[in-house]
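quick one: sequence plus predicted model below, questions after.
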Amino acid sequence: MSIEQKLDRRGFMFVLSSPSGAGKTTISRLLMQNDNNLVMSISSTTRPPRDNEVHEKDYFFISEKEFEEKIDRKFFYEYAEVFGNYYGTPRKKVEDSISEGKDVLFDIDWQGTRRLTSKARDDIVSVFILPPSMDELRRRLITRGKDSSDVIERRMARASDEISHWNEYDYVIINDNIDTSLLNILYILKAERLKRTRQHSLSDFVNNMLSQ
């Protein structure tokens with residue numbers, strides 16, 4: 001184990017946002033495969049699961065009544081209503097992971113990012129993923145075959161609003177090649193982990209070195 005790996009470090013919330021179809025879900029999956037220090041933030045939602053989704057792995061699927069009760073109990077770090085369904089981030093798992101030096105990966109929209117940032121700015125690193133063009137975004141939505149034409153039009157209309165918030169993020173990636181985008185995001189993770197303010201035991205290390 002290297003000296004760098006032995007140093008205590010506070011984790012952070014690593015946020016990826018993009019309009020639907022720009023690539024954040026694919027990149028999130030690849031990040032989890034390539035980085036052992038990332039844990040995925042699993043959101044709670046009131047929407048029904050899709051065919052390939054698993055409770056407590058993809059989402060916590062709960063009723064609207066239960067979700068609203070959790071809102072009243074301050075259970076969520078942030079929550080929002082999207083296309084008639086609630087989505088929210090459970091607080092305790094995130095806080096525990098950060099304290100343990102793990103980085104928590106979020107796949108959320110600009111509204112969720114803004115709410116997280118307002119509560120814990122020093123613990124947030126945010127990346128916005130842009131499509132190469134709106135035509136390419138539409139092509140990707142059609143090609144993946146998950147949505148009806150009406151839903152695709154709704155997603156395209158929403159995309160313009162989402163993209164308008166790009167300048168609220170720490171980093172912006174144009175995803176015209178998935179491998180290049182993944183590599184750039186891994187570089188961002190590496191650099192953010194090396195920040196002096198996150199390496200809590202670095203001061204003791206330097207003091208011990210100078211005292212020898």
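Everything's here; your move. Numbering: from 1, shown residues only.

pretty sure Ser63 is touching Thr46, no?
Yes - assessed by Cβ atoms under 8 Å, Ser63 is found in contact with Thr46 at 6.6 Å. Where C-beta positions appear, they are placed from N, C-alpha and C, glycine not excepted.

compare neighbour counts for those two and give me the winner.
Thr46 (19 against 10; other Cβ atoms under 10 Å).

that one contacts Glu69, correct?
No - taking contacts as Cβ under 8 Å, Thr46 lies outside contact range of Glu69: 11.9 Å.

so the most centrally placed residue in the chain, which state does it fall into?
In the chain, the centroid-proximal residue (Cα atoms, centre = their mean) is Phe106; its distance is 2.0 Å. The three-state label for Phe106, taken from DSSP: H, G, I helix; E, B strand; the rest coil, comes out as strand.

list the contacts of it.
13-16, 41, 89, 112-113, 116 (Cβ atoms under 8 Å, 6 or more residues apart in numbering).

do the same with Thr180
Contacts of Thr180 by Cβ under 8 Å, 6+ apart: none found.

tell me the buried residues in the helix or strand where it lies?
If you go by DSSP states H and E, Thr180 is part of helix 178-193. Neighbour-count burial for helix 178-193 flags 181-182, 184-185, 189, 193 (criterion: 16 or more other Cβ atoms under 10 Å).

TSV for those residues, including distance to Met134 and pLDDT?
As requested, the buried residues of helix 178-193 are arranged in TSV below (distance: Cβ to Cβ, whole Å; pLDDT from 0 to 100):
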residue	distance to Met134	pLDDT
Ser181	18	96
Leu182	23	96
Asn184	22	96
Ile185	22	96
Leu189	28	96
Arg193	34	93
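
show me the two of those residues that sit farthest apart.
Within those, Ser181 and Arg193 form the most distant pair, 19.1 Å apart (Cβ to Cβ).

can you pull out the low-pLDDT segments for the protein?
1-7 (pLDDT under 70).

what about Asn208, which SS state?
helix.

in this protein, which spans are strands?
Assigned by DSSP state E, the strands in the chain fall at 13-17, 38-40, 44-45, 60-61, 76-82, 85-90, 103-107, 124-130, 171-174.

now, of these, which is deepest in the fold?
Most buried of the strands of the chain by mean neighbour count (mean count of other Cβ atoms under 10 Å) is strand 13-17; its value is a mean of 25.

could you export that strand as PDB, CA atoms only?
Taking C-alpha atoms only, strand 13-17 is exported to PDB below (Å, rounded to 0.1, in the frame of the first residue of the first chain):
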ATOM      1  CA  MET A  13     -20.400  13.600  -3.000                       C
ATOM      2  CA  PHE A  14     -19.500  13.100  -6.700                       C
ATOM      3  CA  VAL A  15     -22.500  14.400  -8.700                       C
ATOM      4  CA  LEU A  16     -23.100  13.600 -12.400                       C
ATOM      5  CA  SER A  17     -26.000  15.400 -14.200                       C
END
